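Peer 1: The amino acid sequence is not available; the structure is as follows:
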């Protein structure tokens, strides 16, 4: 039970309409009428979306197609929908046809800060699917794993086609609002029934998308401060006083460019062997390639001896509103990432029904996903920077100023105004030094194999009473291998101590390093110069280690000018970094680079799950009631192989911050536990128009992969503060996982009332309550970590995860829809979620469950008359608490809450049917260009910002036989 994609195995046998409580959000009159009939005769609480609605507006992936369903919200990143939340919870499970599914993005890292992400659905195109069910109330025959619910992706079956031959094609061009050319999107569905007993069906989707986004970042920099920040009378670093002001270590204003290419297909073979036996086989493949290029400007506050000018300084409640800052340095960053996520999901299922009392289904599933990426980064310096050359060093960009002064104006996306001297340097080639270069990579491979058997038995004595017994079993074996590492340069031929010196004592110093390096930075000299007997200083008169030194003037082919949030500056061209490994090797052709695994950030997990269930259903379709009761028993065995830092670490590289650990303490943790999951549900028909539903169940959801597997990881930053630690790498913050975490476990209850009226009318209301046994929470505390400081170590925050206390989530879901007889219609839903968790910080206790918005609603209106149709949809969610951010040392230690501001998105579509087989479409998403804003504890203290991108597509759809 390791990832959200693991858990759902047994799907009830192809249910009749009386077995599914579906809300089919298609927006068309006929589809809504059918949805109401299905819902009225259903037995479960689920929401559904059909193929007719998916891929519209334009939905860029399956998560965006689900965001308009009641009780469903999604996370967004880079203008794309990513993770699905059900009633605010992200501990959910995604399945394919009721069994194992891998998306390829179960575990990956994002951006220069390597932010850990899980269970994104952005690689799955909507075009390949026949529909999606979001199951909110589990049954015993539904695979465990969803704390909030289950997302079941459904592919098309060949024998379900209405015609012998089916062909449909969709061609669209999409374009974002920031810049760039329109990119194509193509999807094709082709199927043929060779007879009533055999058919083949294939779906293909290919698209290209360019995404350009403005971003405020720096959340990965943990060395914030608040108390006694230096102030000066003027733009100087000569302190004349102090002020208490929330000061980020750095702010980054960022232009992010992404080039996405996605190729996907699904194949289905449908064979009716006999009247009692049928066999189906499915193959679902997706390949998502993403190149990310970023230009960002770095603005110092709690580092680089940053000092606030008291003249014109405006601080309200500790939040800097406006003023000038002077710091030791000014830099720009260029970041490039080449990533690919591939996934293959295979399924074979045999259904047996000879008309007797016993029926059965056996399913085998194999899923495999591979995610791999390489990244490269360049720091570009706009103030003078000293490098090594065997003397006292020199500045390759001597025309640049010594310090940086810039103005700041607060806002969701703050603005920065460099001083005249700094603005000139940022755009002058001789003042722009390509200072530091590095590259890293990660890879995650997952394979899941499952075998499932489901059976139903209707004894003769129970047939008249509508009593059916069900039972089944499932075995699943999932293996995860996640590797992170750095590309290190070999300094053996540059005068460094040889690798054979490691483990020996030289000049009274124990050598724990090897002649390898991660940061290719001209200021870093030979490590052996830290040993007094060699008569040199590593950050002084050391010989040069990594050359050549290049500026935008000496190598103009590397330079590109960009405008970032109103500031013009010269950067490294990320277009040259599309293969980050080849790029960094080309800069230093005489220096060999190699990949070295970081054992602390790498791990392996084996997850074997055995489950069985028994269940009974009472009530036929003609009865005024239906009752379901059952129990599912799940035994899980986890084996977690991770690493920790030993008492005496040795390094591949010259330092802990300039390499990776060579001699980790291997850790192998074996966990076994059993969960008993009872469930009970009922549907009661009060009269022809009114129904009451009720459900109670015990649920379990797996732990986060990174939380289980990561060892103790430390981050370091080079100090620019004057004094004995100048130029040295100091510990800033760290984090670690916990292999002994328990899964999420909860008890949940649902009750709903529904009234059907008139032509296609519905009003419904439901109440849900969930109590969670324990939440996985992060504890932040101060630790001392060995670094380059004069003291030998520095104190900073370290975060680890533990099982905390439990919490609750309760709320209501309201829904209404109606179709008028003059072409107009609407659907609307509202969800209220009130939650409490063990999370607390300096300002609040019993905070909400992370990610849960208190209020969310969706409104969709449509018009359909003759060949013309149009739709508008607005989805809105309230602010949401995301977790805590801890920082500081000594008496300046703080823990603040991170919050997403409320977000609303307007989407629309206009279509004209030229012929019954040909339709022209114009679609748009995020029409108002809504920004995504995150703040730290106080609404006026921005933490992260992602600019809203309006995306418009125009296209044509052709269909034959659908």
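Peer 2: Right, received. Where do you want to start? Note that the structure is predicted; figures quoted are calculated from it, not measured. Numbering: from 1, shown residues only.

Peer 1: Quick one: the helices in the stretch 501-650 of the chain, in order.
Peer 2: For the stretch 501-650 of the chain, the helices defined by DSSP state H, counting those that start in this stretch cover 580-587.

Peer 1: and the gap between the residue most central in space within the chain and residue 706?
Peer 2: For the chain, the residue sitting closest to the mean C-alpha position, by Cα atoms, centre = their mean, is residue 117 at 4.0 Å. Distance, residue 117 to residue 706, by Cβ to Cβ, to the nearest Å: 9 Å. Where you see a C-beta, it was placed from the backbone N, CA and C, and this is true even at glycine.

Peer 1: which residues are in contact with both of those two?
Peer 2: Here residue 117 and residue 706 have residue 107 as joint contacts, going by Cβ atoms under 8 Å, 6 or more residues apart in numbering.

Peer 1: thinking again about what came up before, surely the residue nearest to the centre of the chain meets residue 106?
Peer 2: No - contact between residue 117 and residue 106 fails when scored by Cβ atoms under 8 Å: they sit 9.5 Å apart.

Peer 1: On the strand side of things, show who the residue nearest to the centre of the chain bridges to.
Peer 2: Per DSSP bridges, the residues bridged to residue 117 are residue 108.

Peer 1: tell me the contacts of it?
Peer 2: 77, 82, 105, 107-110.

Peer 1: so where do the strands sit in the stretch 301-450 of the chain?
Peer 2: With strands called from DSSP state E, counting those that start in this stretch, the stretch 301-450 of the chain shows them at 307-309, 314-316, 319-327, 331-352, 358-381, 404-409, 415-418, 433-457.

Peer 1: Quickly run through the sheet partners of the fourth one, with directions.
Peer 2: Based on DSSP bridges, the pairing partners of strand 331-352 within the sheet are strand 277-300 (antiparallel), strand 358-381 (antiparallel).

Peer 1: Relative to residue 495, which of those strands is closest?
Peer 2: With Cβ to Cβ as the criterion, residue 495 lies closest to strand 358-381 of the strands paired with strand 331-352, at 24.4 Å.

Peer 1: orientation of that closest one relative to helix 580-587 in degrees?
Peer 2: Put simply, strand 358-381 runs at 20 degrees to helix 580-587, going by axes from the mean of the first three to the mean of the last three Cα atoms, to 10 degrees.

Peer 1: Tell me the buried residues in strand 358-381?
Peer 2: Neighbour-count burial for strand 358-381 flags 359-365, 367-381 (criterion: 16 or more other Cβ atoms under 10 Å).

Peer 1: still on that earlier bit, separation between the residue nearest to the centre of the chain and residue 77?
Peer 2: Noted for residue 117: a distance of 8 Å to residue 77, by Cβ to Cβ.

Peer 1: So what sits opposite residue 825 in the bridge?
Peer 2: Per DSSP bridges, the residues bridged to residue 825 are residue 819, residue 862.

Peer 1: Would you confirm that residue 752 contacts residue 812?
Peer 2: No - contact criterion Cβ under 8 Å: residue 752 and residue 812 do not qualify, at 9.7 Å.

Peer 1: Overlap of the contact sets of these two?
Peer 2: Jointly contacting residue 752 and residue 812 under the rule Cβ under 8 Å, 6+ apart are 765-767.

Peer 1: Just the ones in strands from the residues you listed, please.
Peer 2: 765-767 (DSSP state E).

Peer 1: who wins for most neighbours among those?
Peer 2: Highest neighbour count within these, by other Cβ atoms under 10 Å: residue 766, with 22 neighbours.

Peer 1: What lies in contact with stretch 636-650?
Peer 2: 1-2, 502-503, 512-513, 599-600, 602-609, 656, 661-675, 708-712, 737, 739, 743.

Peer 1: what about burial for those, which qualify?
Peer 2: Here, 16+ other Cβ under 10 Å leaves 1-2, 502, 512-513, 599-600, 602-609, 656, 661-664, 671, 675, 708-712, 737, 739, 743 buried among those.

Peer 1: Are we agreed that residue 750 is in a helix?
Peer 2: No - counting by DSSP: H, G, I helix; E, B strand; the rest coil, residue 750 is located in no helix; its state is strand.

Peer 1: Can you report how many residues neighbour residue 695?
Peer 2: When neighbours are defined as other Cβ under 10 Å, residue 695 has 23 of them.

Peer 1: picking that back up, can you tell me how far the residue nearest to the centre of the chain sits from residue 501?
Peer 2: For residue 117, the distance to residue 501 (Cβ to Cβ) stands at 40 Å.

Peer 1: Flag the shaky bits of the stretch 101-250 of the chain, pLDDT-wise.
Peer 2: Counting by pLDDT under 70, the ranges of the stretch 101-250 of the chain that qualify are 112, 178-180.

Peer 1: what are the ranges of the strands in it?
Peer 2: Assigned by DSSP E, counting those that start in this stretch, the strands in the stretch 101-250 of the chain fall at 108-110, 115-117, 131-135, 150-154, 165-176, 183-195, 198-217, 229-232, 241-243, 250-272.

Peer 1: Report the inter-axis angle for the fifth one versus strand 250-272.
Peer 2: Interaxial angle, strand 165-176 versus strand 250-272 (the same axes, to 10 degrees): 170 degrees.

Peer 1: For strand 165-176, buried residues please.
Peer 2: Neighbour counts using 16+ other Cβ under 10 Å place 166-168, 170, 172, 174-176 of strand 165-176 among the buried residues.

Peer 1: hey, where'd the strands end up in the stretch 801-950 of the chain?
Peer 2: Using DSSP E, counting those that start in this stretch, strands in the stretch 801-950 of the chain cover 807-819, 824-836, 855-865, 868-877, 880-889, 892-900, 903-915, 918-925, 932-936, 942-946.
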